[in-house]
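**Q** based on what follows, work out the 3D shape:
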Amino acid sequence: MNLLLENLTAIDNKLSQRHIDLDPSGYFIIYIDRNEQLIYAKHFTNVIDDRGLAVDPQTGQVIPARGKVERTHTTVFSGRTAKELCVKIFEETQPCPLTLLDHAAYLGREFVRAEVALVTGQEYIQD
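**A** Next up, the predicted model:
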């Protein structure tokens with residue numbers, strides 16, 4: 001079982017290093033609140049520049065992938081499960097706050113990871 005887990009982890013780690021196109025509709029910061037037993041997803045808008053980098057629509061400054069950035073989110077979504085969050089974001093919010101299918105798939109995977117962490121007590125760090 002440990003060998004299988006190690007193999008799966010290695011596959012995921014390698015895939016996490018691939019290039020992805022950023023969604024021009026924005027990005028999400030996902031976190032869990034154990035006291036409230038909820039998964040949260042804060043949505044932030046952005047603009048993609050001619051280099052393919054996300055920039056703050058107000059300042060025109062590049063939004064770094066790592067490190068602390070002071071920005072104001074446009075919406076906060078919350079749910080008790082990954083499915084509940086997906087329904088709220090993809091089905092009930094119009095217009096949908098994302099435009100790329102790979103972004104939707106990524107969010108679904110992250111919401112499941114957050115749900116598992118919430119249920120098991122594990123730490124959740126967004127990929």
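**Q** what helix or strand is Phe77 located in?
**A** For Phe77, the element it lies in under DSSP states H and E is strand 75-79.
**Q** what's the angle between the helix ranked longest in the chain and strand 75-79?
**A** In the chain, assigned by DSSP state H, the helix with the most residues is helix 101-120. With axes from the mean of the first three to the mean of the last three CA atoms, to 10 degrees defining the directions, helix 101-120 sits at 50 degrees from strand 75-79.
**Q** ok, back up a step: what is the distance between the strand holding Phe77 and the centre of its chain?
**A** With CA atoms, centre = their mean, to the nearest Å as the basis, strand 75-79 stands 12 Å off its chain's centre.
**Q** any idea of the mean pLDDT in that strand?
**A** Taken as a whole, strand 75-79 carries a mean pLDDT of 97.
**Q** parallel or antiparallel, which strands does that strand pair with?
**A** Partners of strand 75-79 in the sheet, by DSSP bridges, are strand 38-44 (antiparallel).
**Q** export the partner strand as CSV, just CAs?
**A** The C-alpha trace of strand 38-44 is given here as CSV (Å, rounded to 0.1, in the frame of the first residue of the first chain):
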residue,chain,number,x,y,z
LEU,A,38,-16.6,24.6,6.1
ILE,A,39,-14.5,24.8,3.0
TYR,A,40,-14.0,28.3,1.7
ALA,A,41,-13.0,29.6,-1.8
LYS,A,42,-12.2,33.3,-2.2
HIS,A,43,-12.5,34.5,-5.8
PHE,A,44,-10.2,37.2,-7.1
